[in-house]
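Colleague: sequence and predicted model, in that order:
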Amino acid sequence: MNWKNIRLAECNTHFTINGKQIFGKTFLDALKFHAPGLAPVKSDEGWYHINTDGNEIYSQRYLRAFGYYCNRASVISEHGWLHIDEKGQPLSNVIYKWTGNFQEDLCSVRDKEDKYFHVKVDGSPAYKSKYIYAGDFKDGYACVKTEEGWQHINAEGKELNGNKFNDLGVFHKGIATAKDHIGWFHINKVGSEIYPQRYLFIEPFYNGIALVSNFNGVKELINEQGKTILEIK
C-alpha cells in the first residue's frame, strides 16, 4: 500500500483510502503518514508509530510521537525528548528538553542547559557551538541566535557572512528576511540589503514578489529591487 494514498480523517482518529476507513482500527489521536510510510498514533497505552499495514513498528509507547522526517522522528518519553529511527531505535542515549524535525539531514535540539544546536541523522552533534536558539536548515543554512544577535550558519556551524541582525529568516532562492534597529528588509547571502527601505513587517519573496507592511500599516507588494508594484487597500 502506497502511504501517499492514505489520508487522515478529519477527526484524527482513523485513516482512509478513497474515503473508506482502513486498518479496521480507530485511534484516540493520530497524525498523517510521512516517508518512509509511517504515522504516529495514540492508543490507551500511549503514542507509537504504525506502518502502511496499520501495524506497530515497535512495542515502546511514548507520551507523544511526531512524524518522520529524513527517516527520523521526535518522541517524548517519561524522561524527556529524543529521536528514533525508522525501526524505533533511539539515535543515542542523550535525552533533550526538546527536539525538532530533521530537515536536510540536520535537526535542532535543546539540551538540559536550554542551549540549542543541531544534530546529524546518527544523533551526533553537527558542530561544537551552542546557541540561545537554532532554527531549521533550509537551502543549506539555518538561523541561530547568539549573544551578539541573529546570524546564518552552514551545516558545519560556520557563519555565512559574519553579519548579525536583530532578527532573521531563512533563505529562499538566495534571499532572506532580516531586521535591524530600524525595521525589516531583505538580504542576500553576503548579508547585504537588496534595497534601502525598512518595513514594519515583511514576508519572503514568492516568485519575485513579497508582501510587506510599511510603518503606516499599509500593505504593499514589492519586487526584488524594493519597488512598490501594488498597494493592498
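Modeller: Great, that's in hand.
Colleague: could you use CA atoms for every contact and neighbour count after this?
Modeller: Noted.
Colleague: the strand or helix carrying residue 16: how far from the chain's middle?
Modeller: In the assignment (DSSP states H and E), residue 16 maps to strand 15-17. In terms of CA atoms, centre = their mean, to the nearest Å, the centre of strand 15-17 is found 26 Å from the chain centre.
Colleague: cool, stretch 9-24 as well?
Modeller: Here stretch 9-24 is found 26 Å from its chain centre; the criterion is CA atoms, centre = their mean.
Colleague: before we move on, what about stretch 6-14?
Modeller: Taking CA atoms, centre = their mean, one finds the center of stretch 6-14 at 23 Å from the center of the full chain.
Colleague: try stretch 203-211
Modeller: Taking the mean of its C-alpha atoms, stretch 203-211 sits 20 Å from the chain's own mean (CA atoms, centre = their mean).
Colleague: mean confidence (pLDDT) on it, please.
Modeller: Averaging pLDDT along stretch 203-211 yields 97.
Colleague: what do you get for stretch 107-127?
Modeller: Rounded mean pLDDT across stretch 107-127 is 98.
Colleague: now stretch 53-70
Modeller: Stretch 53-70 carries an average pLDDT of 98.
Colleague: before we move on, what about stretch 29-44?
Modeller: Here stretch 29-44 scores 98 as its mean pLDDT.
Colleague: run through the bridge partners of residue 171.
Modeller: Judged by DSSP bridges, the bridge partners of residue 171 are residue 176.
Colleague: let me see the contact set for it.
Modeller: For residue 171, the contacting residues are 138-139, 141, 177, by CA atoms under 8 Å, 6 or more residues apart in numbering.
Colleague: do you know the pLDDT at it?
Modeller: According to the model, residue 171 scores 96 on pLDDT.
Colleague: check the one 5 residues further on too.
Modeller: Per-residue pLDDT puts residue 176 at 98.
Colleague: shouldn't it be in contact with residue 165?
Modeller: No - between residue 176 and residue 165 there is no contact under CA atoms under 8 Å: 11.7 Å.
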